[in-house]
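Engineer: My questions are about this predicted structure, shown below with the sequence.
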Amino acid sequence: MTLRGLVRTGQRTTWAAVMVIMVACTGAATPAASPSRGSGGSMLPSPSASAVPVMGTVTLADDGCTFSASAEVDAGPVRLVMLNEADGQFDVDLWRIDDGHGFDEFVAHVAEEMRRTEAGEAPLGHPTFARLVAEASADAGSEAELEADLPAGTYAVACILFAESSVPGGYWAGGPIEVR
């Protein structure tokens, strides 16, 4: 599967602030699996130490994010390998899209959220139709992993490049990932 529905945004938005607003607007729901952190706070084993199957690889470069994975993934524990070929920090958020909603809705929400933020308008906040289930970070030029125990459903990946500590250099929505 290749990354579908890439969304790139401008340079001025503070993604961390957007995430804080999104969580504050909806309350912090406890995900089915605790978020896992990659390098820059890693509690994960090295890529070769885990017996959890790899569902795909997300690669970030300065000009975009690519995702490769099987067309469908079995429910259960999975790993997502993150390769950061960019000059900044790479964050990946894994979202489960609620039943009755689709990946295209997630892409549209991300695009509108970023448009509003860049225009100085009130943010939409956390999508009401998706839950953050895991997140991880990789420093420039490094590799990290995101692990989660996924039930069946549709998932989306959000890739964020931070050119500076709190200033995104780009943001992409990717997927969908179908877990059966």
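Structural biologist: Yep, it's here.
Engineer: number of nearby residues for the residue lying closest to Gly76 once chain neighbours are set aside?
Structural biologist: Spatial nearest neighbour of Gly76, excluding adjacent residues (Cβ to Cβ, 6 or more residues apart in numbering): Asp149 at 6.4 Å. For every residue, glycine as well, the C-beta is placed using N, CA and C. Neighbour count of Asp149, defined by other Cβ atoms under 10 Å: 15.
Engineer: How about the one 10 residues further on?
Structural biologist: One way to gauge burial is a neighbour count; for Cys159, by other Cβ under 10 Å, it gives 26.
Engineer: With adjacent residues omitted, what lies nearest to it?
Structural biologist: Once flanking residues are discounted, Cys159 sits nearest to Cys65: 3.7 Å by Cβ to Cβ, 6+ apart.
Engineer: Might one say that the one you found is in contact with Leu83?
Structural biologist: No - distance between Cys65 and Leu83: 10.3 Å, which falls outside the contact criterion (Cβ atoms under 8 Å).
Engineer: one step back: what helix or strand is the residue nearest to Cys159 located in?
Structural biologist: If you go by DSSP states H and E, Cys65 is part of strand 64-69.
Engineer: Report the buried residues of that strand.
Structural biologist: 64-67, 69 (16 or more other Cβ atoms under 10 Å).
Engineer: This structure: strands as residue ranges?
Structural biologist: Here the chain has its strands, by DSSP state E, at 54-61, 64-69, 72-73, 76-84, 89-97, 130-138, 143-150, 153-164, 167-179.
Engineer: Same list (those strands) but as CSV, adding distance to Glu118 and mean pLDDT.
Structural biologist: Shown next, in CSV, are these (distance: least, Cβ to Cβ, whole Å; pLDDT from 0 to 100):
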stretch, distance to Glu118, mean pLDDT
strand 54-61, 21, 91
strand 64-69, 19, 84
strand 72-73, 34, 87
strand 76-84, 24, 95
strand 89-97, 19, 93
strand 130-138, 21, 96
strand 143-150, 27, 96
strand 153-164, 15, 85
strand 167-179, 11, 79
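Engineer: if we compare the ones you listed, which one ends up closest to Met114?
Structural biologist: Closest approach to Met114 among those is made by strand 167-179 (6.3 Å; Cβ to Cβ).
Engineer: what comes up buried for stretch 118-135?
Structural biologist: 123-127, 129-135.
Engineer: max-length helix in the chain?
Structural biologist: Taking DSSP state H as the criterion, the chain has its longest helix at helix 103-119.
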